[in-house]
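Peer 1: Predicted model and sequence follow; I will ask about them next.
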Amino acid sequence: MHRPDKTLGPRRWVTKQWITCKLSFKGRWREVMGPDSYTELFFLDEATSFAAGHRPCYECRRSDANYFAEIWGDVHGNGDRAKAIRLDNALHDERLTPEGRKAVYPAKIRDLPTGTMVKRVDGTHLVLGGRLLRWAPDGYQAAVVADPEENLEVLTPRSTVEVFKAGYDPDLHETALALV
């Protein structure tokens, strides 16, 4: 949450609902960092927002949210479509370490589906078809050769990676698609 002067205060993770919305929906307009409201974040693409622990919004992205929840239920639950609160609680538990740092885990590129974000000493990367594309604020850059045995630091929560493996394809920035 932010203060009236639009700076971030100490109440950073007040809600577990971290959602990825459309930039435009039904002609609505919101003041960014408006009073008595959540703090909007803007990501390069859906894969980047999911790496931070977000999920699709049930209002402006209902079909994506339902599809994500359906796959989540198949992968993590009893086969029923997962409820938003279940998704939010699980993702919240995977976002941070007990020390309050970004939770990461090791994996090899061969075990990671397209859409997963990873970190290496040379920066942050998107996994795309077994290749690594270097992430930058304005788009993805040329593919980087990855050693198949290298342990990468995975930024995308494990549960979301499992949803990607089961068939959810996150929206990628046009620069990623141009490098295919």
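Peer 2: Yep, that arrived. Residues are numbered from 1 along each chain as shown.
Peer 1: got the contact list for the residue nearest in space to the middle of the chain?
Peer 2: Nearest residue to the geometric centre of the chain (Cα atoms, centre = their mean): residue 50, 0.7 Å. Residues in contact with residue 50 (Cβ atoms under 8 Å, 6 or more residues apart in numbering) are 20, 115, 117, 156-157, 160, 170. Using the backbone N, CA and C atoms, a C-beta is placed for each residue, glycine as well.
Peer 1: can we see that at 7 Å?
Peer 2: Shown in contact with residue 50 (Cβ atoms under 7 Å, 6 or more residues apart in numbering): 115, 156, 160, 170.
Peer 1: Provide the contact partners of the lowest-mean-pLDDT helix or strand in the chain at residue level.
Peer 2: Within the chain, no helix or strand scores below strand 19-20, which has a mean of 80 by mean pLDDT, DSSP states H and E. Strand 19-20 is contacted from outside by 46, 49, 54-57, using Cβ under 7 Å, 6+ apart.
Peer 1: Can you list which of those are found in strands?
Peer 2: Judged by DSSP state E, strands contain the following of those: 55-56.
Peer 1: Pipe the contacts of strand 19-20 into CSV and attach pLDDT and distance to residue 69 per row.
Peer 2: Listed next are the contacts of strand 19-20 as CSV, based on pLDDT from 0 to 100; distance: Cβ to Cβ, whole Å:
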residue, pLDDT, distance to residue 69
46, 94, 15
49, 94, 16
54, 91, 14
55, 93, 8
56, 93, 8
57, 90, 12
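Peer 1: now the contacts of strand 19-20: which count as buried?
Peer 2: Using 16 or more other Cβ atoms under 10 Å as the burial test, the contacts of strand 19-20 include 46, 49, 54-57 as buried.
Peer 1: in stretch 109-123, what's buried?
Peer 2: By 16+ other Cβ under 10 Å, the buried positions in stretch 109-123 come out as 109, 112-119.
Peer 1: Tabulate the contacts of residue 50 (a markdown table), appending secondary structure and pLDDT.
Peer 2: As requested, those are exported to a markdown table (DSSP: H, G, I helix; E, B strand; the rest coil; pLDDT from 0 to 100):
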| residue | secondary structure | pLDDT |
| --- | --- | --- |
| 115 | coil | 97 |
| 156 | coil | 98 |
| 160 | helix | 96 |
| 170 | coil | 96 |
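Peer 1: Nearest to residue 105 among those residues?
Peer 2: residue 156 (9.8 Å; Cβ to Cβ).
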